[in-house]
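Engineer: A predicted structure for the sequence below; I have some questions about it.
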Amino acid sequence: MPAKRHYKVLIIGDRCKDCGICVYVCPTNVFEKSRKLMNKKGYWVVSPAHPELCVGCKLCEYMCPEFAIVVKYSPKPYSEVIMSSGS
């Protein structure tokens, strides 16, 4: 049996508008709506609560209208919320 692949799930918090599309499209329930972190625009930032469940399908990344999600291969499951727009 091949080793399980792991993924890093990054949220660019300043781009997130709490639309919930990632929560809806994720087949393994990696994301959850959160009321813990608000960005500078006044939106709550979605939480990658279960990165260990990510299968790397990237539906969240493809469907995010604000390009706020990045999924990459990683040696271990990992998530991070980055509060910088990078522009």
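Structural biologist: On my side now, so go ahead.
Engineer: surely Pro65 meets Asp18?
Structural biologist: No. Taking contacts as CB atoms under 8 Å, Pro65 lies outside contact range of Asp18: 11.7 Å. (Glycine included, C-beta is placed from N, CA and C.)
Engineer: quick check, pLDDT for the nearest residue to Ile21 once chain neighbours are set aside.
Structural biologist: Excluding its sequence neighbours, the residue lying closest to Ile21 (CB to CB, 6 or more residues apart in numbering) is Met63, at 5.1 Å. On the pLDDT scale, Met63 is placed at 97.
Engineer: how far away is Met63 from Asp14?
Structural biologist: 19 Å (CB to CB, to the nearest Å).
Engineer: more neighbours: which of these two?
Structural biologist: Asp14 (19 against 14; other CB atoms under 10 Å).
Engineer: ok, the residue nearest to Ile21 - contacts?
Structural biologist: Met63 makes contact with Ile21, Cys22, Val25, according to CB atoms under 8 Å, 6 or more residues apart in numbering.
Engineer: scan the residues you listed and report the most crowded one.
Structural biologist: Of the contacts of Met63, with other CB under 10 Å as the count, Cys22 tops at 23 neighbours.
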